[in-house]
Every structure is written in C-alpha cells, then in structure tokens.
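Chemist: this one's sequence-less:
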C-alpha cells in the first residue's frame, strides 16, 4: 500500500513513529491480557464484586500519586529513555505476579498491594507514552498519529483480552501473566531501534533541564494554571473525567456479568472483554476519515451520549450475544471520544508544556476511575450488576446532553 502524506496511515511513513506504534500494539496486548488475569484471580479468590472494584482502585489510584513526577519527567528528561526504563519495570512486575501465583499466593490483600505497585509503574509509563507521540511526528501529522495511537490501543483491547482468556482457560493465571512478560519485548526492541537524533523536541528538553533545573512542584503548579487558562484543554479534561467516572468502571464489572449473569467460560469472558476493541478497530476508516472532519464539539456529543446508551444496552442485554454487540458499539464511541479529546489537547498545547499537560489529562482519564470503580463494585454487591450499570450509563448519556445544551462542548473547537 502506498502511504500518502494525507492518507489513512500517513504518520506510519515516519520510521520512528512506525517502530513505536507496532511495539505499542504488542505491548498493549500484553497489558490487556494482564488485566484479564488480575480480575479473574481476585474474583476467583473472593467471588466478590467489591473486591473487583478494590482491585481496579489499586490499579489506578497510584497513577494519581505519581502524576506530578510523571509530568516533570516527560518535559525535562529524554522521553525515550524514560519509556525504556518503565517498560522494563512493567515487564518485571508481570513476571513477579506469575511467580507469586505459581508459589501459591492466595491472599487477596497481598494481590491488591501488588496491583498497587504495578499501577504506580503504569502511572509513569502511560502519560510519557502519550507525549512521546509528538516527538515522533511533525505537527502536520500529529492528529493522524494520535488517531492511529488510539487505534492500536483499541486493537490491543480487541485481541489482548481474547488472548488472555484463551491462555487463562488452557493454562491458568500464572502462565497468562508469564506470557505478558514476553509481550513487552517488542516494545523495548522498538524503542532501542528508534533514532534519537531524529526525534523532535528532545534536544530542547535537554537544554532546559541543564539550564533551568525546574522543581517538580513549581512545574506542576504552572501546568495547572496553564490548563485553567486554556478553554479547549479544560473542556477536554472535564469531559473525559465524566466519562471516566460513569463509563470506565463498567469494564471491571465484565467479569461479574460473565460469571454471574451469563455464566460463560474464561475464554468467553476474555472475548467479551475484547468486544470494545473489536468495535473500535472495525470503524477505524470511518473515524480517521469522515468523523475526523467533523467539529470536535459534534464528535464529542455523539461519542458521549452514544457511550452512555451503549452501557445501558449492555446492562439490560438479555443474552451474551447482545452484550457483545453493546460493548462493540461502546468501543466505537470510545475510539471517537479518545481520539477527539486527545487531539484537542495535543494540538492546542504549547510544546514546552506538553508532558505536564498530558499528565494532567491522564488524571482526567484515570483519576476518577479508581474511586468510581470502588463505588460501583460496592453498589453491584448490594443491588446487582444490571441496575447499577444501567444507571451509570443513563447518567453519562444525560451528562452529554447537558454539556452540549450549555455550550461546553463548543470550547473543544477553541484554538490557543
């Protein structure tokens, strides 16, 4: 296929980005397989939706704790080197989990602590990886690169849970976690092959850290003030925070639906978890083509309301097949929303603030999720999964309508 400068895969014509993209696809397959294994372990040990919610809390809340450090590292250090180190540590964490399960560790509290440590590593890795995309491509290709980056994440979401569920069903959680270790290999190899001399902005950060030596606290305060002054970036962070609160916790409850509602095998549980990714991958040409030409405000209205309605359909699904279709549609809405909001932030932010602002954006993406997951797990234990998940989706759909009617989404069209 010939890749034109305005084509669907135009940013992949850049060698550094192509290496990073393909490495990330495989790495994220491993991460999703790891999530399948961790939620399965906790539910099997406790048979409790509350413990599943606590696990999600432990996975995500450390990302908030390390967030100021992440922003400082991203804007003041070599992002490629940071990614190499954090990917090595993340791979080692998966290996440690595999050893712990093989050694017979069955105490759920200890597992939750391990997940907490793993979440801290992810808190360093994810925002830096988001900002690194801008180092790989010129500004003219940034929107395309961001969309393809969201696509590879969702492609992994489509395949990773199915792989995790397959290994889980055949060999158990220990072998699933061990397989995750090897999924990090291609990412590390790709990062080593990337040409540092052709990365954008890395030299400017080197000069800055050598001359200014800014503190972590002062940097973070400056980035918060910057976000408040930027209407489009603020609107994006508020929107993703709402989606994170009422949409993201549903993913952790898929295990409850699989075990208690539909009563399916571990493989079908993994397949159900991959439905969102499958839906997203199928509509990639539409999102990178027609949808990307729409105003960001219109894209976000469709995505937010559609996201909520998809959750409601999943909650009331009379069968496994209908639930799979509902989650596939949710994946479509997720891709539109994630690509749109990420593009708004990355295209409007000044380069010297990119890492810190992306770190704050990740707070919006992941910050409310651990608390919402904890609350949803508790509520599901009390009232059952269908009612709680349906209510969550309804609130999200109504929030989208409210934001649109009050003109909040129009701020996404702003330019700095």
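Modeler: Everything's here; your move. This structure is a prediction, so every number in the text was calculated from the model and none was measured. Numbers count the residues shown, from 1 in each chain.
Chemist: ok, which stretches of the stretch 51-200 of the chain are helices?
Modeler: Ranges of helices in the stretch 51-200 of the chain, per DSSP state H, counting those that start in this stretch, are 67-76, 79-102, 108-136, 142-171, 173-193.
Chemist: Could you tell me the angle between the third one and helix 67-76?
Modeler: Just to be clear, that refers to helix 108-136. If you take axes from the mean of the first three to the mean of the last three C-alpha atoms, to 10 degrees, helix 108-136 sits at 20 degrees to helix 67-76.
Chemist: Name the residues of helix 108-136 that are buried.
Modeler: By neighbour count on 16 or more other C-beta atoms under 10 Å, the buried set for helix 108-136 is 108, 111-112, 114-116, 118-136. No exception for glycine: its C-beta is placed from N, CA and C like everyone else's.
Chemist: ok, back up a step: which of the helices of the stretch 51-200 of the chain comes out lowest on mean pLDDT?
Modeler: Ranked by mean pLDDT, the helices of the stretch 51-200 of the chain bottom out at helix 142-171, with a mean of 77.
Chemist: Could you pull out the buried residues of it?
Modeler: The neighbour-count check on helix 142-171 (16+ other C-beta under 10 Å) flags 142-169 as buried.
Chemist: neighbours of the nearest residue to residue 161 once chain neighbours are set aside, just the number please.
Modeler: Counting by C-beta to C-beta, 6 or more residues apart in numbering, residue 273 is the residue found nearest to residue 161 once chain neighbours are left out, at 3.4 Å. As a burial measure, residue 273 scores 26 neighbours (other C-beta atoms under 10 Å).
Chemist: for residue 273, what are its contacts?
Modeler: 32, 35, 36, 157, 161, 162, 164, 165, 251, 254 (C-beta atoms under 8 Å, 6 or more residues apart in numbering).
Chemist: Sticking with it, tell me its helix or strand.
Modeler: helix 266-282 (DSSP states H and E).
Chemist: how much distance is there from that helix to the middle of the chain?
Modeler: Relative to its parent chain, helix 266-282 has a centroid offset of 15 Å by C-alpha atoms, centre = their mean, to the nearest Å.
Chemist: Then stretch 274-286?
Modeler: In terms of C-alpha atoms, centre = their mean, the centre of stretch 274-286 is set 15 Å apart from its chain centre.
Chemist: Quick check, residue 88 in contact with residue 188.
Modeler: Yes: between residue 88 and residue 188 a contact is recorded at 6.7 Å, counting by C-beta atoms under 8 Å.
Chemist: Look up how far residue 117 lies from the residue nearest to residue 182 when sequence neighbours are not counted.
Modeler: Leaving aside its sequence neighbours, residue 182 sits nearest to residue 30 (C-beta to C-beta, 6+ apart; 7.6 Å). Here residue 30 is placed at a distance of 17 Å from residue 117 (C-beta to C-beta, to the nearest Å).
Chemist: still on that earlier bit, closest one to residue 42 among the helices of the stretch 51-200 of the chain?
Modeler: Residue 42 lies closest to helix 108-136 among the helices of the stretch 51-200 of the chain, at 6.0 Å (C-beta to C-beta).
Chemist: Could you list every helix and strand in contact with that closest one?
Modeler: With contacts taken as 3 or more C-beta pairs under 8 Å, 6 or more residues apart in numbering; DSSP states H and E, helix 108-136 sits against helix 15-46, helix 49-65, helix 67-76, helix 79-102, helix 142-171, helix 320-348, helix 354-366.
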